[in-house]
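Novice: take this sequence and fold it.
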Amino acid sequence: MPPNPERPRRPKRRSASGLPVIGWREWAALPEFGVPWIKVKVDSGARSSSLHAFGLKKFKRNGSSWVRFQIHPVQRSSKEAVEVEAEVLEYRAVRSSNGEVTRRPAIVTEVELLGKRWPIELTLASRDEMGFRMLLGREAIRNRFLIDTGSSFYGGRRVKKRKPAK
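Specialist: Numbering: from 1, shown residues only. You can find the predicted model right below:
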């Protein structure tokens, strides 16, 4: 993710183990989906990562299971939608924070955070009622980052486009 020239980056912190430090919420990119910015909640209590997806349609391509879905990358806004297709890795039973178990498609895509880019597994779920459109679970960050639970946005902040003054 390119650094934002309008908001200076926080100096990179490294832990005693040498791992870079991230906050409990960060801006990340999903480059294979054409999503340069999505606010993620870094959730060490969640094993897997999850992405808000809607309009989910299952289909077959060359004998494999695929899904087509849309993403609202901007938190608390449904104005911008990105349509995505991805091969289904598997279907998983996932227990939500309220204890309800649902069967969700899991896909693999790349995520980019603090200049690092790596593949992660994402389960697709309706997160319309949740505060964040994406959760970055502990499997995705294991051996890559340590979390500073009292801070946010070590990778910088996304600058909102301002409407021109009338």
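
Novice: tell me the contacts of the residue nearest the centre of the chain?
Specialist: Central residue of the chain (CA atoms, centre = their mean): Met134, 4.1 Å from the mean position. Under the criterion of CB atoms under 8 Å, 6 or more residues apart in numbering, the contact list for Met134 reads Ala28, Ile38, Lys39, Val40, Lys41, Ser49, Ser50, Leu51, His52, Leu122, Arg127. (C-beta placed from N, C-alpha, C; glycine too.)

Novice: please repeat the previous calculation with a cut-off of 6 Å.
Specialist: Shown in contact with Met134 (CB atoms under 6 Å, 6 or more residues apart in numbering): Ile38, Val40, Leu51.

Novice: return the closest of the residues you listed with respect to Asn143.
Specialist: Val40 (18.1 Å; CB to CB).

Novice: which element is that closest one on?
Specialist: Using DSSP states H and E, Val40 maps to strand 35-43.

Novice: so what strands line up beside the following helix or strand past that strand?
Specialist: Counting by DSSP H and E, the next helix or strand C-terminal to strand 35-43 is strand 49-52. Applying DSSP bridges, strand 49-52 is found paired with strand 116-125 (parallel), strand 134-137 (antiparallel).

Novice: most neighbours of all the contacts of Met134, which one?
Specialist: Within these, neighbour counts (other CB atoms under 10 Å) peak at Leu51, which reaches 28 neighbours.

Novice: for that residue, give me the pLDDT.
Specialist: If you check Leu51, the pLDDT there is 95.

Novice: identify the bridge partners of it.
Specialist: Leu124, Met134.

Novice: now, of the strands paired with strand 49-52, which is deepest in the fold?
Specialist: Comparing these by mean neighbour count (mean count of other CB atoms under 10 Å), strand 134-137 comes out on top with a mean of 24.

Novice: contacts for the next helix-or-strand element following that one, please.
Specialist: Past strand 134-137, further along toward the C-terminus, the next helix or strand under DSSP H and E is helix 138-141. The contact list for helix 138-141 (CB under 6 Å, 6+ apart) reads Ser44, Arg47, Ser49, Ile120.

Novice: of those residues, just say which sits nearest to Arg92.
Specialist: Closest to Arg92, out of all of these and judged by CB to CB, is Arg47, at 10.3 Å.

Novice: what distance do you get for Ala86 to Arg13?
Specialist: 33 Å (CB to CB, to the nearest Å).

Novice: so between the two, which is more surrounded?
Specialist: Ala86 (20 against 14).

Novice: that one against Val108, yeah?
Specialist: No - using CB atoms under 6 Å, Ala86 makes no contact with Val108, being 7.7 Å away.
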